[in-house]
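Enquirer: any chance you could fold what I've pasted below:
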Amino acid sequence: MTESTLSRAAGWAAIVSGVCFAVSAVRAALLPTGCVGDECLSHPMRPQSALVNVLYAAGALALLVAVAGLMWILKRLGLLGRTGSAGLASCGLAVVVLAAGAGLQAVAHDAMEDLMPAFVLPGVALLVVGVALVAVTVLRSGLLPRSAGALLLVSACILAFVNEEDARILLLVPFALAWVVTGVLLLRTAPLSRRLDARSGSRASSSLS
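Expert: As a prediction, this is how the structure comes out:
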């Protein structure tokens, strides 16, 4: 698989992820407001929505594909580094933790109601750290415009303040839009493909000489 093919696959995955997260955030915001902290002693949590859960899961998986594809391109170009590897690992672990919590909640909702923070908090923290590291790697690599890396970094910081129980769930939208923008940039493969193929060709020539 060539770098240009990888960039298209990662681009579409990023767009799908962003759209899923944006739609899920808006749909969740339309549900009755839940409780936060001590409010949960007298007020129920926000009701679950099968559509929102499916969109969350699809968005998370597509995000992992997008990050993996982007990091693989950088690895083949020799631009990955430890920061990118750590970012990919952190994002992957975040998806595993959040998926485990969501799966257990679907099976035993009542039993998991008090335990969900034990999955959500570390999962979101790992995702924030992972995306921030990915953003730093993109900024350093010069693979995409610096504004794209900066947008990812800012959106990752905003993600830390998301709360699915109230209107703060809409803070997920900037994060989603950042990945849509990243995906669109990756799909502009004409200049990117020439750059990737040129680097691959130069490496091949060097190895033969």
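
Enquirer: which secondary structure element contains L121?
Expert: According to DSSP states H and E, L121 maps onto helix 117-141.

Enquirer: could you do L144 as well?
Expert: Per DSSP H and E, there is no helix or strand for L144.

Enquirer: look at it and report its pLDDT.
Expert: L144 carries a pLDDT value of 86.

Enquirer: swap in the one 4 residues further on?
Expert: With respect to pLDDT, A148 has a value of 88.

Enquirer: and what of L185?
Expert: For L185, the predicted pLDDT is 91.

Enquirer: what is the helix or strand where it lies packed up against?
Expert: Using DSSP H and E, L185 sits in helix 172-187. Using 3 or more CB pairs under 8 Å, 6 or more residues apart in numbering; DSSP states H and E as the contact criterion, the elements in contact with helix 172-187 are helix 3-29, helix 50-76, helix 146-159. No exception for glycine: its C-beta is placed from N, CA and C like everyone else's.

Enquirer: so what touches stretch 119-129?
Expert: Residues outside stretch 119-129 that contact it (CB atoms under 8 Å, 6 or more residues apart in numbering) are 87, 90-91, 93-95, 97-98, 100-102, 104, 156-157, 159-160, 162.

Enquirer: go again with 7 Å.
Expert: S90, C91, L93, A94, V97, L98, A100, G101, A156, L159, A160, V162 (CB atoms under 7 Å, 6 or more residues apart in numbering).

Enquirer: where does this structure have low pLDDT?
Expert: Within the chain, the segments meeting pLDDT under 70 span 1-3, 105-106, 108-114, 189-209.

Enquirer: swap the cut-off to 80 and go again
Expert: By pLDDT under 80, the low-scoring segments of the chain are 1-5, 35-46, 48, 77, 101-117, 119, 189-209.

Enquirer: roughly how far is the helix holding L121 from the heart of the chain?
Expert: Centroid separation for helix 117-141 versus its chain: 8 Å, with CA atoms, centre = their mean, to the nearest Å.

Enquirer: that one versus helix 146-159: what angle between them?
Expert: Helix 117-141 runs at 160 degrees relative to helix 146-159, counting by axes from the mean of the first three to the mean of the last three CA atoms, to 10 degrees.

Enquirer: buried residues in helix 117-141, which are they?
Expert: By neighbour count with 16 or more other CB atoms under 10 Å, helix 117-141 contains the buried residues 119-120, 123-124, 126-139, 141.

Enquirer: same question, stretch 138-154
Expert: Those would be V138, L139, S141, L143, L144, A148, G149, L151, L152, L153, for stretch 138-154 by 16+ other CB under 10 Å.

Enquirer: so how far is it from its chain's centroid?
Expert: The answer for stretch 138-154 is 15 Å, by CA atoms, centre = their mean.
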